[in-house]
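Chemist: Predicted structure and sequence below. I'll ask about it afterward.
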Amino acid sequence: MEKKYSRPLKRVFQYFRSILELNNKVLEEIANAEKILGGNYLFDKAFLASFVTKVCETTREAIYNLNSLSNGSYLVLYDILESIRFNLEDIVSGGAGPFSNRLTLSYTEINRDLDDIVGAKNANLADIYNNFQIKVPDGFAITKQAYLLFLDSNNIIPQIEAMYDKAPSSEDLGAELEAIFNKARVPDELKVAVYEELISLFKRLGREKRLAVRSSAIGEDTERSFAGQFHSILNVEPDQVLDAYKKVIMARFMPHVKDYIGHASDLLTTPVAVGVQEMIDAQVSGVTYTMDPLGQSKDCLVISAVEGMGEKLVGGHHSGDQYLAKRAYPFSLISSLITEKSIKHKLPPGKEPLEMVTTHMRRGSSLLDVKTLKKIAEAAMLCEKAFGNPRDLEWAINEYNEFIILQNRRLGIQSVPEPMNADIEKILRKFPVIMDGLGQTAQLGIASGRVVFVHPDDDPENVPVGAIIVAKYAHPKLSRVLKKASAILTDVGSSTGHLATIAREYRVPAIFGTGKATQLLKDGMEVTVDADEKRVYEGIIEELVEVEARRDWEYLEEPEIKILRRILSYVSPLYLVDPTSKDFLPEKCKTIHDIIHFCHVKAVESLIEQFSSLKSFGKEQVLELKASIPIKINVIDIGSGVEADDSARAVSPEQIRSVPFKALLTGLLRKEAWDTEPAPFGLGDLFSSMVRPVSMLTNPPEYSGQNLAIVASDYMNLSLLLGYHFNVIDSYVCTEPDNNYIYFRFAGGFAEESKRRKRAELLRWILESLGFKAETRKDIVIGKLKGVEDYEIVKTLQHIGELIAFTRQLDVRMADEQAVERFFHKFVDLCGASCKL
Amino acid sequence: MSEKDISILILDDEPIVAKRLKPALEKKGYKVESFTRSTDAMERVRKQKFDIVITDLKMEGISGMEFLEEVKRLWPDTEIIVITGFATMETAKESFKKGVFDFLAKPFKLGEIVEIVRKAVEHKNKQQHS
């Protein structure tokens, strides 16, 4: 009910609550936009523009509220939002965002959606390194902008057009072209940009290296596959890079390329970017198709390998060793065709021939061992999943036996798959349904495999590729195992969370918030997950998996989808994950999500700080809590937390309307939790507290200090000064799990240091068992529980109430080494069956 | 009428809409024509009757509202489905007043509009029988 005197605190709380609401709103908008990437939605550019406007406006409002809450501590966020917004609006209108004017871009900055600037070859290669940590040659791109600048400043297009008009023979054409390009100068600003990139590239590599300079046409690998039509120059010395650049650009105008592209008027519409990459000394090179282009072995991927550099293989001169491996984990080898090798050939180290076939030829030495084949297959399938279509990969194995992808492009498949004639409905009826209709789908798709229960702290190495991951919470740490998974199911979590974003990025079928996946599924069982239908079947249903393989992900190539992905790359990733890091600063916000998350975290911090250190109550109406507990608590209502009229001086537990405070009181009111015997204390305790009044030790539990609860219907901040320890519990609870939290801080104590530390240890243990993330620093314990359902918060707060009572004077009892464990079990007993410990 | 006899016209100034909608409807057996310019679409409906018209509201040239009025004037029993990215209660009300069969806000799932088209066909069949 309205209290006319408690406005200032109320207002502070209102700012806080607004931030939570705005945070939700932004995350919901992001989730909606991301859903479009994960499923079969129809939208247009108008939607993209309104999405950007909405998200920016809402974030701006959150920044306003945070600054009101914290007295203008974060004004710089406005500028950061503006610069992000500027980029977003540019992208919506078809621009390239912050990179549009760059002449060069390091591979560390590139993702696949920058193909309009750096060409598909550069974009697709850098993408798999930056997003999937698959090794590719490090390097940089010389952009489309640089190409246009180079041509323009040397007046090249008119010269070439004049030359084509004369219609000379191919030979003359070559000579004339060379003359034009020999004359051409690389503009100074481009020179500088390239040299700067070279310096930072060699810094990353730790040394200078020879380079490969390759064309990366805009439009290559997308509309038309120009594979092999453009030029690559290998083994380029660093000081020759600009010459090599000119040669690669010139090659684009060579006769055969001209014929391929069509007419000279296409010259400007199909510009060329260039990639400058570290040279890889290939011991073995090869090509991998994630599908058989001839459609003969539909569940296999095709791998071929040759010794040394791959030109022979790619150029079609040599078929090399051929392997067929299963597309699904564990990527079993189906067949291999090992070519005979000339006796003069020095085989790579460790490769021994088995038999001599004919004179001067020998056979039996596969260039790739099974382990390497599996590694290649795994990386290839990861690329296919990420890009949504079959891939054609060129790769090399270097002198350190590292597998490196050199080219990642879409595989052109000639054969149209035959229509499926299996009756899916009938087949499905044979398989028991384990889970149906529960949770939210974060990413569509179908996958089958073995169930593996995963904890966020598990070593990702131990999770097999292709596993169906089942976890209690959609914890962000699970993103480390997600890329290896073929599907993921969690009990708790939503399609708006961080992990959902990652699932969409890797296109791993995901169902979050099922409530009981960990109960319904068993570790090790084989299942088929159909995220479209939110259904899990027992057993592997190959027909359903085939349906997935035939799914049309074509729309991922639409320009609107690309723009949306580009927009989302400035909106949805969360880089500012760790609030305890020294980099958790407004200046480090790179995305809208960073800003809104920063606002959320700082709002909670600011509120706890302000409410926990209140020196005076001003004009607030202070109510005394009349409850049969041995501590005195004052209550201030800041929004429907209490049912009492304006003149009331006291309030009973029954009048509390605050959901979190009521829950906590339930625990606090349990008589068994209060240990009312006088505390036994030793000499050490006495010495350590000499400066404090001895009466504190012997008095029965009647506490002094300012115990204050600031409450609203959905919120509670309780500060307790119990004797010598200081305890703060701050909690917000609503129907949106992402907003819910309990913050628990406990400091100080009365006994000597070792006992206080033991108590801190005990508290940490109990908090962790209750699901908190907890840490101790000396005798300070801080626990945080976030992102769980409201009923979980309520249940946990009851236990926190019990815990407050239970630990009141425990430190003086924590004498022996076993005390921590003893009291832990005592607390478990106390909590009884209701406790989830 | 079976699906094969149903003709559908799509008008949206953003090519992606027709590009994705057309194959989805054709897969269901409908005959589909699509336009990105309202003047072209207008010319077409003046010459031929379509059973179902799917149109955006906010476009350059002739507005979607004018277009659907004209369609209704020419062919009163053509069912019209409005798709728009600027959905307000007012525009929804106004289009229903003009006899629009259904109203869908972008973005939407392809499955949703296919379902609405199916209902429109059903509705037409019922009307013809009565």
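Modeler: Yep, it's here.

Chemist: Tell me, how many residues neighbour residue A:214?
Modeler: 25 (other CB atoms under 10 Å in any protein chain shown). For the C-beta atoms, the positions are set from N, CA and C on the backbone; glycine is no exception.

Chemist: Just list the residues touching whichever residue of chain A sits closest to chain B, thanks.
Modeler: With CB to the nearest CB as the measure, the residue in chain A that lies nearest chain B is residue A:43; the distance is 3.4 Å. Counting by CB atoms under 8 Å, 6 or more residues apart in numbering or on different chains, residue A:43 touches A:36, A:560, A:564, B:16, B:85, B:106, B:107.

Chemist: Nearest to residue A:520 among these?
Modeler: The nearest member of these to residue A:520, counting by CB to CB, is residue A:36 at 29.8 Å.

Chemist: how close does the closest one get to residue A:548?
Modeler: 20 Å (CB to CB, to the nearest Å).

Chemist: Over to residue A:248?
Modeler: In this structure, residue A:248 and residue A:548 are 40 Å apart, going by CB to CB.

Chemist: more neighbours, these two?
Modeler: residue A:248 (23 against 17).

Chemist: residues touching the more buried one, list them.
Modeler: For residue A:248, counting by CB under 8 Å, 6+ apart, the contacting residues are A:213, A:214, A:215, A:230, A:231, A:232, A:233, A:272, A:274.

Chemist: hang on, the earlier thing: of the contacts of residue A:43 - the most surrounded one?
Modeler: Comparing the contacts of residue A:43 by number of neighbours (other CB under 10 Å), residue A:564 comes first, having 25 neighbours.

Chemist: for the chain, what helix or strand is lowest in average pLDDT?
Modeler: Went with chain A since none was named. Least confident element among the helices and strands of chain A, by mean pLDDT, DSSP states H and E: helix A:695-698 (a mean of 39).

Chemist: not quite, I wanted chain B
Modeler: Least confident helix or strand of chain B, by mean pLDDT, DSSP H and E, is helix B:89-97 with a mean of 79.

Chemist: With adjacent residues omitted, what lies nearest to residue A:151?
Modeler: The spatial neighbour of residue A:151 that comes closest, neighbours along the chain excluded (CB to CB, 6 or more residues apart in numbering or on different chains), is residue A:157 at 5.7 Å.

Chemist: The residue most central in space within chain B and chain A, how far apart?
Modeler: Residue closest to the mean C-alpha point of chain B, counted by CA atoms, centre = their mean, is residue B:54 at 1.5 Å. For residue B:54, the distance to chain A under the criterion CB to the nearest CB, to the nearest Å works out to 11 Å.

Chemist: so the host helix or strand of that residue versus helix B:89-97, what angle?
Modeler: Assigning secondary structure by DSSP states H and E places residue B:54 in strand B:52-56. Orientation check (axes from the mean of the first three to the mean of the last three CA atoms, to 10 degrees): strand B:52-56 against helix B:89-97 gives 160 degrees.

Chemist: what does strand B:52-56 rub up against?
Modeler: Counting contacts by CB under 8 Å, 6+ apart, the residues touching strand B:52-56 from outside are B:6-14, B:17, B:21, B:30, B:41, B:45, B:64, B:67-68, B:71, B:78-85, B:101, B:113, B:117, B:120-121.

Chemist: can we see that at 7 Å?
Modeler: Taking CB atoms under 7 Å, 6 or more residues apart in numbering or on different chains as the criterion, the residues outside strand B:52-56 that touch it are B:6, B:8-13, B:64, B:67-68, B:71, B:78-84, B:117, B:120.

Chemist: Let me see the contact set for residue A:70.
Modeler: Contacts were defined as CB under 7 Å, 6+ apart; by that measure residue A:70 touches A:602, A:606.

Chemist: Could I get the phi/psi values of the residue nearest to residue A:151?
Modeler: Comment: the main-chain dihedrals of residue A:157 come out as phi -60, psi -50, following degrees, to the nearest 10.

Chemist: before we move on, what about residue A:390?
Modeler: The phi/psi pair for residue A:390 (degrees, to the nearest 10) reads phi -60, psi 150.

Chemist: dump the residue contacts of it.
Modeler: With contacts defined as CB under 7 Å, 6+ apart, the neighbours of residue A:390 are A:289, A:290, A:291, A:384, A:411, A:413.

Chemist: Let me know the pLDDT of it.
Modeler: The predicted local confidence for residue A:390 comes out at a pLDDT of 85.

Chemist: Could you list the residues of chain B in contact with chain A?
Modeler: Counting by CB under 7 Å from any CB of the partner chain, chain B comes close to chain A at B:14, B:16, B:17, B:20, B:21, B:85, B:106, B:107, B:108, B:109, B:110, B:111.
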